[in-house]
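Chemist: Return atomic coordinates for the entry below.
(chains A, B, C, D, E and F)
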Protein chains: 6
Amino acid sequence: MWNDGDNAVGGWLSIPATLSAEVMARVGFDYVCVDTQHGAVEYQATVELIRAIEHGGSCPIVRVPWNEPGIIGKMLDAGAHGIIIPMVNTVAEAEAAVAACRYAPHGGSRSFGPTVVANRHDDYVTWARDHVAVIPMIETEQAVGNLTDILQVPGIDGVYVGPADLSLTLGLPPGNNDGEAAFDEAYATIVAECQKAGVAPGCHASAALVPKRFEQGFRMVTAIADQLALRDGANAALATARGEATGGEGGLY
Amino acid sequence: MWNDGDNAVGGWLSIPATLSAEVMARVGFDYVCVDTQHGAVEYQATVELIRAIEHGGSCPIVRVPWNEPGIIGKMLDAGAHGIIIPMVNTVAEAEAAVAACRYAPHGGSRSFGPTVVANRHDDYVTWARDHVAVIPMIETEQAVGNLTDILQVPGIDGVYVGPADLSLTLGLPPGNNDGEAAFDEAYATIVAECQKAGVAPGCHASAALVPKRFEQGFRMVTAIADQLALRDGANAALATARGEATGGEGGLY
Amino acid sequence: MWNDGDNAVGGWLSIPATLSAEVMARVGFDYVCVDTQHGAVEYQATVELIRAIEHGGSCPIVRVPWNEPGIIGKMLDAGAHGIIIPMVNTVAEAEAAVAACRYAPHGGSRSFGPTVVANRHDDYVTWARDHVAVIPMIETEQAVGNLTDILQVPGIDGVYVGPADLSLTLGLPPGNNDGEAAFDEAYATIVAECQKAGVAPGCHASAALVPKRFEQGFRMVTAIADQLALRDGANAALATARGEATGGEGGLY
Amino acid sequence: MWNDGDNAVGGWLSIPATLSAEVMARVGFDYVCVDTQHGAVEYQATVELIRAIEHGGSCPIVRVPWNEPGIIGKMLDAGAHGIIIPMVNTVAEAEAAVAACRYAPHGGSRSFGPTVVANRHDDYVTWARDHVAVIPMIETEQAVGNLTDILQVPGIDGVYVGPADLSLTLGLPPGNNDGEAAFDEAYATIVAECQKAGVAPGCHASAALVPKRFEQGFRMVTAIADQLALRDGANAALATARGEATGGEGGLY
Amino acid sequence: MWNDGDNAVGGWLSIPATLSAEVMARVGFDYVCVDTQHGAVEYQATVELIRAIEHGGSCPIVRVPWNEPGIIGKMLDAGAHGIIIPMVNTVAEAEAAVAACRYAPHGGSRSFGPTVVANRHDDYVTWARDHVAVIPMIETEQAVGNLTDILQVPGIDGVYVGPADLSLTLGLPPGNNDGEAAFDEAYATIVAECQKAGVAPGCHASAALVPKRFEQGFRMVTAIADQLALRDGANAALATARGEATGGEGGLY
Amino acid sequence: MWNDGDNAVGGWLSIPATLSAEVMARVGFDYVCVDTQHGAVEYQATVELIRAIEHGGSCPIVRVPWNEPGIIGKMLDAGAHGIIIPMVNTVAEAEAAVAACRYAPHGGSRSFGPTVVANRHDDYVTWARDHVAVIPMIETEQAVGNLTDILQVPGIDGVYVGPADLSLTLGLPPGNNDGEAAFDEAYATIVAECQKAGVAPGCHASAALVPKRFEQGFRMVTAIADQLALRDGANAALATARGEATGGEGGLY
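Modeler: Down below sits the predicted model:
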């Protein structure tokens, strides 16, 4: 995904429909992440969404609902190329996350049985070792405090920041709080620690914030979610239709 | 919907997910139409989409796949407030469409059994007589030719133009072909005939074309589909994220 | 079902869930009918409902949405033991209904491919010839008028009366209109014609009306639908809970 | 729900169908609870059931399968107004339950991302603080023993008793064991402790037991489940149909 | 599919699961056909199965339940590369089948709205003209009798023989009846007429019969269905496991 | 299942479709296990698969994704006759597994509420005590080392070996590694310990290995999974069709 040195821009899926997933994948995001934590999606739909993302030419990753080995294994068996694990606040939690993602010879204790994904790779054990990205979320004050140690855990490829949860634990409203000292400082710490450890830092942003995040050193930034893109597009269309704005040339059939 | 003299702006659903339906409904369209002809949706999902549209505060209508009484009845029983029927080209087809939508005392032969929708209205037979809109599509050269007679069929509330199909039968590329004489003439005929018959003309458009369509005399115009809104929103976000455009202030959490 | 001379009492399914289907089947109805015309159910769910009914020990039949050979074939292939076909008003419609239900050697032109049901019967062609019941609905004034001729069509096992639709075409409110001359007369005609033709008459009723319908000569009477049983049971429980009624001994766990 | 001083009577959902959910909601229960622990329901269906309950005019709450933050967060994001958490036996388990339900500024560590429910409330963080009910289950001898301490945990709005599980741990058959000293004593303790702590006691009951439970001091009592209401209603109908009982006036259409 | 002069061997899908579809596609069949006539599959699942077949590297075609324009259009919009239409017995039925598959400029009256499939092709109208295969089934004595005329209908790419239905109308048991004069003669006629008309003949067969069918001149032959492959494989495994046969080296994990 | 002294041969389900489940059940396996750990299946589908297995005449068991009481309870409530629990490596994990499967009077703390399965057994508490099999997986070097102690935990009916996971922890490639000393020794230990403890040993195998496993003392051996049977059957058919092999007599219809 970002192994070639480039920065990755991502899309986010909350809608449990393969049509919207395929549309998002074909728009050209470097990765498309199925959010099974906060999106209206769980395992059975995710199997289909992963296939739709691949069919659409993008790289499918999955945010699991929680740091629990059963669901992590299921999502990897379904073909996820990477797993974003929420609320990893301690070294022990980071070790558990890695263990759930990697097989025994490669630093973990993931159970073997790639029922779906083995159809797609001739030597899945090797493929998984080389391609599966383990991405714990750093999204609390506690996690930022433990980050130096967390990043020592072998097998972590990236970390991902949830600005809303981080902000809540910093006493700020949920969202991007650029300009707030505590928020800016946490972001700077995360990037600096990741660069020291050779781990790719990632985060949620808005489309407008993506260039700034890349300048800050982030290498994997999600620009938009399907639900928000839909709402933005529909709001714009309705305003135009009512003569309150201009745009919306694309016709329906 | 448009009985109060106002014009109605609509949204269109192709994605079989209640989350996207609820988002579309809450944007504020006067109606939201579930497209079971060309959308990736069939009956079982539509039952849920109709409820999501109502929960979101909009008026649910359904385009059926074809002029067939079984599916028309199922969609009405599921709670549709109106039915758009494709490819109604003749008086006989218009009569069949009306018959499938209305009960015996009220000009049709719809079978009684409003299993889902009767939960929502104390006297559904009366409600249906007063609220269900029958909207045949006028979308071929043949249909435009027969329109005067079609509009004599009792029980038609509106007609709906599919510009793509109409264009194909006129030898034009699928879409809105404003400026092409054959297209403009057909549109003018449709509006004029509807006004004479006291029937509301409706059509697919783009957001940008809606004001023009209202000026032309249309009273029910669909401005955007979910899939297109999603694609537009995602494309805009990706361009902004890559620094090729500006916008996208709304952040992810 | 009723071939042994007994009368059959049936349950009706509108809810697309196998749990409710299994509950209905285990209550002890002689047959349980999946209503894909007015129930919130279509083909994919029906495959599961049929299995649940058989697992629960009852006989699964299906009301199709319309007299259309594609869906009739699909429901039979899914394992229905009988098909109730709505709105059969003419001899031609009755012939079409029979043709869709029976294979070529046995008086019809049903397409062969019992993909699901052949798992359950070693010689399905013979089983189907001997067990599949073809049951057109007689539910309009026109159908009653044509009944003598309709019953001459070979291959009809029973007819089924929808009192609501019949009432609407007689100018009565939808429902059972016992005491109204036109309604009573139609019912008497239907039973008499069926007895002459050696065909089993069936109908929708209420639980309270079932004994009367059997006395009138009906042999297959549906007593209750899942949705109504649920509503009745829940209403009674709420009244009891609020101290407005007594009952409801059965405890929750 | 019960904040206005009134007692709340509830319905319970085990069937994964929105039609039955909407029927239950419209009957008039003060709340309708989706049981994802013992009902045949999991997350994806629950998103739809919550919407159907709200559409039907009742208050949707959810019993989660277990005291696990991933699924608690998903159910709240899906729009549950309250969460019933099974098998909370210790202070630590109660703290975990509260933490999973409340955001950082309001006494918990729930992850932010109300993807579905934020469509329904302009300021969801405030709405959640004011409306989300946290309801641990007290359903073992151990939990009753720890109840004084458990009720000291800040953020608990009510407790809910499962009489079957409580009975099993008391050496009694599963169910309501009124008259058994151990059972009656446990119930008295629970009500007394709740009243001291200003927390609302709730429980499963039968319809007939609801008035007694309110007299005992319970303020939230579930009277019936969909599956039981269906079975009761169907059994009554069949008995009436066979002439073994009377009733069942409501006719089918 | 077979335009390059090669013969095509196909697989057949009756199971509504994308995992089995992907497995079938990756085995290497030239086409994989979703059977929505006799398989346990309808539209909503087919949208996913088509994507899974393409993801697995094969060519997805669909057999529709009946010669009905609504469902034919839906399957093409979902991305089918070809449509097999059952029971085309007359010229009029063949004309209707072609009309439902082709757009107005290209010999038909298919309604425009390729909601799903247009995501995959930049100029779908041209793609559809060049790639969509229209394949009526010739599977009755009547159809064979009308075949010369049917093949004059412009826009037919192939015909497909259902040996079971053909056999039933010839008074034979359902299946391949090689050696029966009526069956052999019908097959010879079909191939000869197709060769004259420049239309590709296809048929159902068994794996063992495929080479013979190619020798007979068929160019598109289906060798196996998923359900049969599964049953064959499971039967062989059980026999081996019980020591009644040998084989089954492939281990489970 | 194997209580009568016989050895049990099993089938394995990875495909979330009731049609394939029913086919597998009717082939004649002594048990059919729904794999919700590595199969493409989760809870909602499993409810249906269990019913299909019973309808097909086999004994349904379930492998849960992880040793977690919520999902174990849900699968038992759905009607599983036995639960295979992955990665049970310690006595504490074995105790947790048993506790989740058995009710309070019978050695566990399973929560009561057999919503689905109680429809099938008049006295489910007794049925569950006598019939539910608790089967922890022994699939790591650690688990084999702890096996003597694990087997002392009351309430274990069998153990089940995953050869792939066991091999990985032994430094071997995933699969059956007969002939490798570490693998053979672990298998011998497992059988010997089980025989001492009176617990039935089970394992994954290939069809060809089943007879050897029974000779080694295993009493419950899975011979094939649906996905593998399908692939084997389809590969064989394609090879035959292309003239590269012989076989495949069974014809399609």
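Chemist: where exactly do the strands run in chain A?
Modeler: A:8-13, A:31-35, A:59-63, A:82-85, A:133-136, A:158-161, A:200-204, A:220-225 (DSSP state E).
Chemist: ok, now how distant is A:T115 from chain E?
Modeler: Going from A:T115 to chain E by CB to the nearest CB, to the nearest Å gives 7 Å. Glycine gets a C-beta too; all of them are placed from N, C-alpha and C.
Chemist: Could you do A:V132 as well?
Modeler: Going from A:V132 to chain E by CB to the nearest CB gives 18 Å.
Chemist: Could you point out which residue ranges in the stretch 1-150 of chain A have low pLDDT?
Modeler: A:1-5 (pLDDT under 70).
Chemist: which residues touch A:E95?
Modeler: Neighbouring residues of A:E95 by CB atoms under 8 Å, 6 or more residues apart in numbering or on different chains: A:V153.
Chemist: re the thing from before, with distance to chain B added, can I get the strands of chain A in TSV?
Modeler: Listed next are the strands of chain A as TSV, based on distance: least, CB to the nearest CB, whole Å:
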stretch	distance to chain B
strand A:8-13	5
strand A:31-35	10
strand A:59-63	12
strand A:82-85	13
strand A:133-136	16
strand A:158-161	11
strand A:200-204	4
strand A:220-225	4
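Chemist: Redo these as TSV? Include mean neighbour count and distance to chain D.
Modeler: Formatted as TSV, those follow (neighbours: other CB atoms under 10 Å in any protein chain shown; distance: least, CB to the nearest CB, whole Å):
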stretch	mean neighbour count	distance to chain D
strand A:8-13	26	10
strand A:31-35	28	8
strand A:59-63	25	10
strand A:82-85	26	11
strand A:133-136	26	14
strand A:158-161	26	13
strand A:200-204	27	10
strand A:220-225	29	8
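Chemist: Quick one, which of the ones you listed gets closest to D:T90.
Modeler: D:T90 sits nearest to strand A:82-85 of all those, at 26.6 Å, using CB to CB.
Chemist: is the closest one anywhere near chain F?
Modeler: No - judged by CB under 8 Å from any CB of the partner chain, strand A:82-85 makes no contact with chain F; its nearest approach is 14.8 Å.
Chemist: In the stretch 1-150 of chain A, what residue comes closest to chain C?
Modeler: Closest to chain C within the stretch 1-150 of chain A is A:Q44: 14.4 Å, counting by CB to the nearest CB.
Chemist: residues near that residue, how many?
Modeler: Here the count is done by other CB atoms under 10 Å in any protein chain shown, and A:Q44 has 20 residues near it.
Chemist: Next to chain F, which bits of the stretch 101-250 of chain A? Give me the list.
Modeler: So far as CB under 8 Å from any CB goes, the stretch 101-250 of chain A lies against chain F at A:Y103, A:A104, A:P105, A:S109, A:S111, A:F112, A:G113, A:P114, A:T115, A:V116, A:V125.
Chemist: Check those residues and tell me the two furthest apart.
Modeler: Going by CB to CB, the pair spanning those furthest: A:P105 and A:V116, at 21.6 Å.
Chemist: These two: which is more packed in?
Modeler: Legend: neighbour count by other CB under 10 Å for A:P105 and A:V116, higher for A:V116 (24 against 14).
Chemist: and A:V27, what does it touch?
Modeler: Neighbours of A:V27 in contact, by CB under 8 Å, 6+ apart: A:G11, B:R231, B:A234, B:N235, B:L238.
Chemist: Dump those into JSON lines; add distance to A:R242 as well.
Modeler: Below are the contacts of A:V27 laid out as JSON lines (distance: CB to CB, whole Å):
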{"residue": "A:G11", "distance to A:R242": "29"}
{"residue": "B:R231", "distance to A:R242": "22"}
{"residue": "B:A234", "distance to A:R242": "23"}
{"residue": "B:N235", "distance to A:R242": "23"}
{"residue": "B:L238", "distance to A:R242": "27"}
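Chemist: any idea which of these has the most stuff around it?
Modeler: B:A234 (30 neighbours).
Chemist: Count the neighbours of the closest residue to A:P163 other than its chain neighbours for me.
Modeler: Excluding its sequence neighbours, the residue lying closest to A:P163 (CB to CB, 6 or more residues apart in numbering or on different chains) is A:N176, at 4.9 Å. Using other CB under 10 Å, A:N176 has 25 neighbouring residues.
Chemist: And for A:E215?
Modeler: Other residues near A:E215 come to 8 when the count uses other CB under 10 Å.
Chemist: again, but for A:G107
Modeler: A:G107: 17 surrounding residues under other CB under 10 Å.
Chemist: quick one, what contacts it?
Modeler: Listed by CB under 8 Å, 6+ apart, the contact set of A:G107 reads A:V98, A:A99, A:P154, A:G155.
Chemist: Kindly report the same for A:A234.
Modeler: B:G11, B:V23, B:M24, B:V27, B:F29, B:I224, B:D226, B:A229.
Chemist: again, only using 7 Å
Modeler: A:A234 makes contact with B:G11, B:M24, B:V27, B:I224, B:A229, according to CB atoms under 7 Å, 6 or more residues apart in numbering or on different chains.
Chemist: now the helices for chain A?
Modeler: For chain A, the helices defined by DSSP state H occupy A:18-27, A:43-55, A:69-77, A:91-101, A:124-131, A:141-145, A:147-150, A:163-169, A:181-197, A:210-216, A:226-241.
Chemist: Now render those helices as a markdown table, adding distance to B:R63.
Modeler: Output for those, formatted as a markdown table (distance: least, CB to CB, whole Å):
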| stretch | distance to B:R63 |
| --- | --- |
| helix A:18-27 | 16 |
| helix A:43-55 | 24 |
| helix A:69-77 | 36 |
| helix A:91-101 | 45 |
| helix A:124-131 | 43 |
| helix A:141-145 | 49 |
| helix A:147-150 | 53 |
| helix A:163-169 | 38 |
| helix A:181-197 | 48 |
| helix A:210-216 | 38 |
| helix A:226-241 | 18 |
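Chemist: gap between stretch A:63-80 and the chain center?
Modeler: Its chain's average C-alpha position is 13 Å from that of stretch A:63-80, according to CA atoms, centre = their mean, to the nearest Å.
Chemist: So that stretch, near chain E or not?
Modeler: No - contact of stretch A:63-80 with chain E (CB under 7 Å from any CB of the partner chain) is absent, the minimum separation being 9.7 Å.
Chemist: Pull that stretch out as CSV, backbone CA atoms only.
Modeler: Extracted in CSV, the C-alpha atoms of stretch A:63-80 (Å, rounded to 0.1, in the frame of the first residue of the first chain):
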residue,chain,number,x,y,z
ARG,A,63,-11.3,-1.8,10.8
VAL,A,64,-12.4,-4.5,13.3
PRO,A,65,-14.9,-3.6,16.1
TRP,A,66,-12.5,-4.4,18.8
ASN,A,67,-9.1,-6.0,19.6
GLU,A,68,-10.5,-9.6,19.7
PRO,A,69,-8.7,-12.5,17.9
GLY,A,70,-11.9,-14.2,16.6
ILE,A,71,-13.1,-11.3,14.5
ILE,A,72,-9.5,-10.3,13.4
GLY,A,73,-9.0,-13.8,12.1
LYS,A,74,-12.3,-13.8,10.3
MET,A,75,-11.6,-10.6,8.5
LEU,A,76,-8.1,-11.7,7.4
ASP,A,77,-9.5,-15.1,6.2
ALA,A,78,-12.1,-13.0,4.2
GLY,A,79,-9.3,-11.3,2.3
ALA,A,80,-8.4,-8.1,4.1
